[in-house]
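Below: sequence and its predicted model.
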2 protein chains.
Amino acid sequence: MAETVLERRFRLLGPNVPLFYDEPLHIVKGEGVWLYDKAGKKYLDCYNNVPHVGHCHPVVVDAIARQAATLNTHTRYLHDGILEYGERLTATFDASLSSIIMVCTGSEANDIALRMSEAVTGKRGIIVTDHTYHGNTASVAALSSTNKASTSQSHNIRFVPAPDSYRPASRHDGSDFARHVENAIDELEELGIGFAALLLCPYFANEGFPDLPEKWLDPTIKAVKQAGGLIIADEVQPGFGRIGSHMWGHQYQGFTPDIVTLGKPMANGHPVAAVVTTHEIITAFRTSFRYFNTFGGNPVSAAAANAVLDVIQEENLLKNATDVGAYAKDSLLHLAKKHCVIGSVRGRGLFFGAELVHGKHCKTPAADLTHEVVNLMRQNGVLINKLGIYGNTTKIRPPMPFSRENADNFLSVLDHALSILGHEV
Amino acid sequence: MAETVLERRFRLLGPNVPLFYDEPLHIVKGEGVWLYDKAGKKYLDCYNNVPHVGHCHPVVVDAIARQAATLNTHTRYLHDGILEYGERLTATFDASLSSIIMVCTGSEANDIALRMSEAVTGKRGIIVTDHTYHGNTASVAALSSTNKASTSQSHNIRFVPAPDSYRPASRHDGSDFARHVENAIDELEELGIGFAALLLCPYFANEGFPDLPEKWLDPTIKAVKQAGGLIIADEVQPGFGRIGSHMWGHQYQGFTPDIVTLGKPMANGHPVAAVVTTHEIITAFRTSFRYFNTFGGNPVSAAAANAVLDVIQEENLLKNATDVGAYAKDSLLHLAKKHCVIGSVRGRGLFFGAELVHGKHCKTPAADLTHEVVNLMRQNGVLINKLGIYGNTTKIRPPMPFSRENADNFLSVLDHALSILGHEV
């Protein structure tokens, strides 16, 4: 009997390779906000943030093709591409964040950020939330409490409870979170490990993007600064204008981090990522550690990343994210009146979702139902996924040219799925 | 006064960013074995192994452009690209090496390989040579004794003396190296760290590619196996046919590693790398560690990597490496009769070079002279570099379509440089 694609995949790639949906998709083509499977079926992509300006955007494809045909080498020769990009990118940050290291993956970016905080503070203690993910290198994977990691790799990490605006532990003005961070700092210092940095996604994306008012992080930032530590903002998910109102999540939160890490959407799928920081911190890092990344910042990577910035500007994608995001969130709130499994609607710009619960009073997380909704929507041509502390929040994070019409399409399919599956409440 | 490119680079990228040559090159175009600077000056590229099948090879550029315009997503959907590539790539290895993880950089590949050895052995001790480099993540950078790394990241690493065929410490049949490895294993076991793996480049490229007879590693491999450890072969430099006689360095050395890591030349400059191993080891890794790489093995990366395999076959590049490599090495040996600063000529296929010394008897490494030769050749349109334990070995590692005519060009410029600079002996 002929080997199936799944069997072939298992044979070549091994077990436990992540795959979406109970019935996996075999995608062969992408265009804008659409993906097409092998049978020619069309899917509305409400999930993928990597194709930030839309699948196979011609401006990005053309930039890659032209530069790949001209020159693709490394940064041990001079080249204008990385400098032009560095200039344009850092111009979108606070003036203090003026230096850049280009790498290939968000994991590499966070791996560097950890060493930067060590170079500056001389200490290695890192604080993260207990429901996050920052990448896959040995030192970065250890930052995920859900990832198994050897003890020796994680003795310097402390986890603090992820914020949950829907089920706030007590006060929700940010002082609780700050207190947890302070306790973690004390523990790291008492154990002689010392505190180097707090690393967080300013949108707390994997934590389920809780509703946090502006300045919510202020007491935490104060505590970190007082302890002499750094703030690393992982902007892989909220960055590049996804939240609409601001280019970066930390700008919405109203603080300036010491180090910013970037990844997935930066070059629309071309393997590009970066660390942006102050000249002082990059100097400390490059004095303490020898670092060179062969592919990082090569002419093709710089061209692809430059093209993404071009399209964000030309197509006014921040405005679109604000407009369509607000429209979709309003419609979701409207839908919540019809389907009482929708316990909470949250998000900003083109990163939003609903938390599904069994009973609005007890707020029992409906993770199984969310799983069924995700899979039924996939059968009906709309791709979403789930995340959050309880895995019961729909993850809507489409390519940025997502339109009101696309939002209507998404909402009607969600409405249909909840009508079929959500009646048990 | 207008800011220079170097000043702008320092401002944006920070200090100590590696840059080749006393007078850095500003390269704007590449084609085959040629690079062109901003002024239109042409350079013969005798150094870059990343553009494995030649700078901007049209088959690879076309594969990237076509796939980037069609689909570029991740492996959480099914796609034929990664499976076709996995099938073709693993077919070039021993049948036991049948599984693959595609990532973006050789650093990511080695970072995984270390965790694989931990997953299999339950131990974390790693042995490497004292003059090697395997990548830039925190855990992999610690493997370079020349890289500064914090103690806590390197307590599990033991360095053994790099082999030196030109100045052999005592016996040179491989038993000395094996003895050093055995001692390191004993030390790791005695300290309770335990021995997980020996990681080496089978060509000992950074060590200066010493002349090692086939089977030289046999006693070492026997010692590693007896101790229950794994052998990780870093094929980033010798792999993909560079040594001509074999597709992989370990095949020339006559052993089958447990894990193979690949990088730089794999997709001609597109950020692609991989780990190849047994189904048993990949299963152990994927059972012990959750691992997903967003960009790894995406359709464009797979298309670029597939195109490189196409060109290697179609243009018969292994045969070319054998032929031109032998021709160039013979010519270098001939040149050694004229210039007595050439102490040793070594290498295989299109990775060869000469060790420059002050006096053939005392063999005093001529690192300063080598530096001058590298820079003078750059002035005369030929790009090489240097490596080795003493930094006095010329590094000739050109794109694989390097011809006899290119070799003649290189040799005449080297001859000229040595005539001017090498007379002091």
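On my side now, so go ahead.

List the buried residues for stretch A:307-327?
Across stretch A:307-327, burial judged by 16 or more other CB atoms under 10 Å in any protein chain shown covers A:307-312, A:315, A:317-318, A:320-326. For the C-beta atoms, the positions are set from N, CA and C on the backbone; glycine is no exception.

Next: stretch A:374-382.
So, applying 16+ other CB under 10 Å, buried residues of stretch A:374-382: A:V374, A:N375, A:L376, A:M377, A:R378, A:V382.

what helix or strand is the fourth one on?
Secondary structure assigned from DSSP states H and E places A:M377 in helix A:367-379.

Do any residues in that helix lie close to chain B?
No - applying CB under 8 Å from any CB of the partner chain, one finds helix A:367-379 separated from chain B by no less than 10.8 Å.

Centre of the chain to that helix, how far?
22 Å (CA atoms, centre = their mean, to the nearest Å).

contact partners of that helix?
Contact with helix A:367-379 is made by A:20-23, A:25, A:43, A:341, A:356, A:358, A:383-386, A:390-394, A:413-414, A:417-418, A:420-422, A:424, as judged by CB atoms under 8 Å, 6 or more residues apart in numbering or on different chains.

hmm, 6 Å instead?
By CB atoms under 6 Å, 6 or more residues apart in numbering or on different chains, the residues outside helix A:367-379 that reach it are A:Y21, A:D22, A:L356, A:I384, A:N385, A:K386, A:Y390, A:G391, A:N392, A:V413, A:A417, A:L421.

Narrow the residues you listed to those that are buried.
Buried residues within the contacts of helix A:367-379, counting neighbours by 16+ other CB under 10 Å: A:Y21, A:L356, A:I384, A:N385, A:K386, A:Y390, A:G391, A:N392, A:V413, A:A417, A:L421.

which of those come close to chain B?
When contact is defined as CB under 6 Å from any CB of the partner chain, the buried ones among the contacts of helix A:367-379 do not meet chain B at all.

Which two among these are spaced furthest apart?
Farthest-apart pair in those is A:Y390 and A:V413; separation 23.0 Å (CB to CB).

State the next helix or strand along the chain beyond the lengthiest helix in chain A.
The longest helix of chain A (DSSP state H) is helix A:317-338. Proceeding C-terminally, helix A:317-338 gives way to strand A:342-348 as the next helix or strand, assigned by DSSP H and E.

Select from the buried ones among the contacts of helix A:367-379 every entry located in strands.
A:L356, A:N385, A:K386 (DSSP state E).

what's near enough to touch the second one?
For A:N385, the contacting residues are A:Y47, A:V374, A:K395, taking CB under 6 Å, 6+ apart as the criterion.

Make TSV from these and add pLDDT to it.
Converted to TSV, these look like this (pLDDT from 0 to 100):
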residue	pLDDT
A:Y47	98
A:V374	98
A:K395	97
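
Which single one of those is nearest to chain B?
If you rank those by distance to chain B using CB to the nearest CB, A:Y47 comes first, at 9.7 Å.

Tell me the secondary structure at that closest one.
coil (DSSP: H, G, I helix; E, B strand; the rest coil).

Near it, how many other residues are there?
22 (other CB atoms under 10 Å in any protein chain shown).

so it touches A:L383, yeah?
Yes - contact criterion CB atoms under 6 Å: A:Y47 and A:L383 qualify, at 4.9 Å.

about what we covered before: pull the most distant pair out of the contacts of helix A:367-379.
Most distant of these, by CB to CB, are A:Y390 and A:V413, 23.0 Å apart.

quick one: which helix or strand includes A:I101?
Per DSSP H and E: strand A:99-103 holds A:I101.

Return the list of helices and strands in contact with that strand.
Where contact means 3 or more CB pairs under 6 Å, 6 or more residues apart in numbering or on different chains; DSSP states H and E, strand A:99-103 is packed against strand A:273-277.

relative orientation of whichever helix or strand comes after the strand it packs on and strand A:273-277 in degrees?
Per DSSP H and E, strand A:273-277 leads on to helix A:279-288 as the next helix or strand towards the C-terminus. Interaxial angle, helix A:279-288 versus strand A:273-277 (axes from the mean of the first three to the mean of the last three CA atoms, to 10 degrees): 110 degrees.

what's helix A:279-288 in contact with?
Under CB under 6 Å, 6+ apart, the answer for helix A:279-288 is A:S98, A:S99, A:M116, A:A119, A:V120, B:G14, B:P15, B:N16.

Just these: which are in strands?
Of the contacts of helix A:279-288, the ones assigned to strands by DSSP E are A:S99.

just checking, which of the contacts of helix A:279-288 belong to helices?
Using DSSP H, the members of the contacts of helix A:279-288 that fall within helices are A:M116, A:A119, A:V120.

List the contacts of the first one.
Contact partners of A:M116, counting by CB under 6 Å, 6+ apart, are A:I259, A:I281, A:F285.

For A:L114, see how far away the first one is.
Counting by CB to CB, to the nearest Å, the separation of A:I259 from A:L114 is 9 Å.

And for A:G192, the neighbour number?
For A:G192, using other CB under 10 Å, the count is 8.

For it, I want the exact helix or strand it lies within.
Residue-wise, A:G192 maps onto no helix or strand under DSSP H and E.

same check, this time on the one 4 residues further on
With secondary structure defined by DSSP H and E, A:A196 is part of strand A:195-200.
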